[in-house]
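Peer 1: following is a predicted model, sequence given first.
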Amino acid sequence: MKKKLIARMVTFALVLIAAAHFIPYAASLGVMQVYSSIHEKQGLPEKHGLEIKIPGGLTTAEKDWYPRVLTYHAGKDFGRWAGAPGMELTVLYNFPAFGRVFDPRSPYYSSFYGAYVVYGADGEQTMEELASMAAEYDYKELVLADLGLAEEDMAFDWKITGQEPDAEYAGIRGWTRTDAVVTTNGMAHRPDKFRRSYIQYGLPNYDVDESRQFQQVQLLGRVYGRAFEEYRCHIFFYILAKDERVMEQCDREILGRSSVYKCKE
């Protein structure tokens, strides 16, 4: 009951901001911090005694990324979508600073970084399959669908371009690094109504021809995946970026400074 009450309070706050049709940056930070905290308490890291720390955006004049990594617990919805009811997913994510994720001229267009925590994989899926499934579910169901794109108009094609086994990442060895090219829908569109996603991303106030809404784009994907068998969990640190320089900088200066702690033995 308490969780439902908090969720209703958050939804009410979102409606109030939507009614004003104006999304101050401070309001986004405040609302999303509450919303993310609820999901953190429900999420797989909390449940299974793992602590994953990922830095927020860099402090630069350009304000490249949002300052705080957020959490969304998809739970068993992911398993049902993937046809594997025993699997669950928690997403840790960050995106370009306010509004830039919608700008097709920006090197940060449609870009994200963070981590996927997958629980309950039955061994039939490879690491690469789990990573691509989590990324596809995230981008299609949690990003594009929330922006109003119909399922039949969505694309997500993941082609592996290279791999490196036994890489060191987040202070731990044993990660498999996978690079890929992802052909999917870009996020540029004309808003037809207020959507809750605008609370976190900002408003899509860039000129887009109607025929070019959600136009397909090639993005670069990079994933570091590792099994934590004692927790029946897989962790995938990921970057999805339009620009190679943005991806490399994010890997080197932000995501690469992440850490994983085992809180329970």
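Peer 2: Happy to help now that I have it. Numbering: from 1, shown residues only.
Peer 1: quick check: the closest residue in space to Ile254 that isn't next to it in sequence vs Val91, distance?
Peer 2: Nearest residue to Ile254 in three dimensions, chain neighbours excluded: Pro55, at 5.2 Å (CB to CB, 6 or more residues apart in numbering). C-beta: built from backbone N, CA, C; applies to glycine. To Val91, Pro55 is 17 Å away according to CB to CB, to the nearest Å.
Peer 1: then Glu210?
Peer 2: 31 Å.
Peer 1: more neighbours, those two?
Peer 2: A count of neighbours by other CB atoms under 10 Å puts Val91 above the other of Glu210 and Val91, at 24 against 7.
Peer 1: which is the next helix or strand following the strand or helix carrying Glu168?
Peer 2: Following DSSP states H and E, one finds Glu168 within strand 156-169. Moving toward the C-terminus from strand 156-169, the next helix or strand (DSSP H and E) is strand 172-185.
Peer 1: and the angle from that following strand to strand 156-169?
Peer 2: 160 degrees (axes from the mean of the first three to the mean of the last three CA atoms, to 10 degrees).
Peer 1: pretty sure Tyr108 contacts Arg245?
Peer 2: No - with contact defined as CB atoms under 8 Å, Tyr108 does not reach Arg245; the gap is 10.6 Å.
Peer 1: who has more neighbours, the two?
Peer 2: The residue with more neighbours, out of Tyr108 and Arg245, is Tyr108; 21 against 9, by other CB under 10 Å.
Peer 1: check contacts around that one.
Peer 2: Asp64, Trp65, Pro96, Ala97, Arg100, Val101, Ala241, Lys242, Asp243, Val246 (CB atoms under 8 Å, 6 or more residues apart in numbering).
Peer 1: surely it is within a helix?
Peer 2: No - read with DSSP: H, G, I helix; E, B strand; the rest coil, Tyr108 is coil and lies in no helix.
Peer 1: any idea how far it is from Phe98?
Peer 2: In terms of CB to CB, Tyr108 sits 11 Å off from Phe98.
Peer 1: likewise for Ala188?
Peer 2: From Ala188 to Phe98 the distance is 16 Å (CB to CB).
Peer 1: which residues in the stretch 151-265 of the chain form strands?
Peer 2: 156-169, 172-185, 216-228, 233-241, 259-262 (DSSP state E, counting those that start in this stretch).
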